[in-house]
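S.K.: Need coordinates for the below:
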Amino acid sequence: MSRTPTMKQSSGSLRVKLPAFVFAVEVMIVGLFATFVTYDDQADARFQTNETKPMDNAVYRDYPFFTDIQVMIFIGFGCLLAFFRLYGFGGMVFNFLVATFSIQWAILVQGYFQFSHDGQIYLGVTNLINAEFACAVVLISFGAVLGKTSPLQLLVMALLEVPVFAVTEWAVLKYLKINDAGGSILIHLFACYFGLGVTFVLYRPRLNEGHAKQRTSYQSDILSLMGTLFLWVFWPSFNSALTLKGDDQHRAILHTFLGLSASTITAFALSALINKKGKLSIADIQNVTLAGGVTVGASVDMMISPAAAYVLGMLGCTACMLGYKYLSPFLAQRFRIQDQCGIHNLHGLTGLISCSAGIYAIMMARVEVYGPSFYEIFSHRAPEEGDPRLLELQALIPGLQPGLGRTAGEQALFQVAAVICTIGVSAVGGMLTGVVLKIPFLASPADDLCFDDQVYFDLPLDHYSPLKLTQDIDKEETVA
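M.R.: Numbers count the residues shown, from 1 in each chain. Sure thing, here's the model as predicted:
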């Protein structure tokens, strides 16, 4: 297949740059692992004896959640991002590349803040789950710049985003002490506004005029829908993986399923209602059906009631649907925000709804409803060390740890502060990252080569040619 000089230049420019970057990063990672990473107690043979019960090992409790999240990261996100008819390889393969690197990098960066002491990072299954959450942040942000960036740019974005996320996560959890079991603040909002910050700086005016390759096909839509189904099925594990074991985790699974179920059937109804011909849009089914998984996130482990989880799914779906229909075009035309996958609708708007619901649930929480577990879920509400009430409560609840003595109103203010800080830090971090990604060395594709696998891949002979694509587009417009 003949290629234009620009295409040769864009593709060939990675021959040295991409391997050089990857090998340099691998040397760095090996050095850091060799210097700082060791096994945690449950993975270290020195701490296991004949008296150790194998089933008490965290691997039996947490590994099933880890594998579920693996499916979401590598299959769910990968297939979901393959909806452009000429960018299926880019969507799936770059997802594979970025996800693998992000997890490796997050193990080190998050480990430094969360799992290190005595100068060592202690590695266990929990570290891997946390690293995959950081990876999910990067992949959500990737959706905003899908098809407009080189693999080298995406790796650099992950290299910069993971530390910003890890520092934000550590600061918010350590100093603000918030409730965010499903990651609505620290995963969805952070990823959304970081990605929007990046795409704001990488704005391409010509893409607002329409792009011939920015289209889907019957096959690519089916593949993307498969990604949606994988994400849908395993989302309860994502929301419940790191909640307190027992009734909290049980509620998180139930609430996530109810929220997803409600957003799914609502999406079908709204899709037919909004479409002028009364038909279903496959894009709505691919994206909007997942909104309920986000909207229940901030309150997913609380006693919000099954009905409230269902209503949150409906509200998230409605906001997401209207965002795709009206807000995304407005942001692209007026605010230079070209959000290719609509992450602001699926993660930003729904994340804000989730945070609002979480704050309300915190304000309404009562000991009478939660029983003794109240001070486990809302540990910030437990009396401080030295407070006479702490001794009284410890007599009733053995093992109760001192808290911060916050009132419900005070905790609500800390939740609001976390939302504002997370959005601000992520947006600024995204814009600064966008500035770095504009460096010519990183081999960004030209406007006319966006959303095209030919730039970075050797393709099979039956690949859809641009000429055939143009002919099909002309036929579609003629029929319409």
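S.K.: Point out where the stretch 1-150 of the chain drops to low pLDDT.
M.R.: 1-12 (pLDDT under 70).
S.K.: can we see that at 80?
M.R.: Low-confidence segments of the stretch 1-150 of the chain, defined by pLDDT under 80: 1-13, 49-51, 115-117.
S.K.: just the helices in it please.
M.R.: Taking DSSP state H, counting those that start in this stretch, the helices of the stretch 1-150 of the chain run over residues 5-12, 14-36, 58-71, 77-80, 88-114, 125-144.
S.K.: Include mean neighbour count when you put those into TSV, please.
M.R.: C-beta: built from backbone N, CA, C; applies to glycine. As requested, those are exported to TSV (neighbours: other CB atoms under 10 Å):
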stretch	mean neighbour count
helix 5-12	14
helix 14-36	13
helix 58-71	16
helix 77-80	25
helix 88-114	21
helix 125-144	24
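S.K.: In TSV: the ones you listed, plus distance to L242.
M.R.: Formatted as TSV, the helices of the stretch 1-150 of the chain follow (distance: least, CB to CB, whole Å):
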stretch	distance to L242
helix 5-12	41
helix 14-36	23
helix 58-71	8
helix 77-80	19
helix 88-114	11
helix 125-144	6
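S.K.: quick one, which of the ones you listed is nearest to G403?
M.R.: helix 88-114 (20.2 Å; CB to CB).
S.K.: Return the angle between stretch directions for that closest one and helix 58-71.
M.R.: 150 degrees (axes from the mean of the first three to the mean of the last three CA atoms, to 10 degrees).
S.K.: helices and strands around helix 88-114, which ones?
M.R.: helix 14-36, strand 37-39, helix 77-80, strand 120-123, helix 125-144, helix 151-171 (3 or more CB pairs under 8 Å, 6 or more residues apart in numbering; DSSP states H and E).
S.K.: by how many degrees do that helix and helix 125-144 diverge?
M.R.: Orientation of helix 88-114 against helix 125-144 (the same axes, to 10 degrees) gives an angle of 140 degrees.
S.K.: Generate CSV for the helices and strands packed on helix 88-114, with distance to D56 as supplementary columns.
M.R.: CSV is the format used below for the helices and strands packed on helix 88-114 (distance: least, CB to CB, whole Å):
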stretch, distance to D56
helix 14-36, 27
strand 37-39, 16
helix 77-80, 33
strand 120-123, 17
helix 125-144, 13
helix 151-171, 28
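S.K.: closest one to A272 among the ones you listed?
M.R.: Closest among the helices and strands packed on helix 88-114, using CB to CB: helix 77-80, at 22.2 Å.
S.K.: Next, the buried residues of the lengthiest helix in the chain.
M.R.: If you go by DSSP state H, the chain has its longest helix at helix 408-437. Residues 408, 411-412, 414-415, 418-419, 421-423, 425-427, 429-431, 433-434, 437 are the ones in helix 408-437 that count as buried (16 or more other CB atoms under 10 Å).
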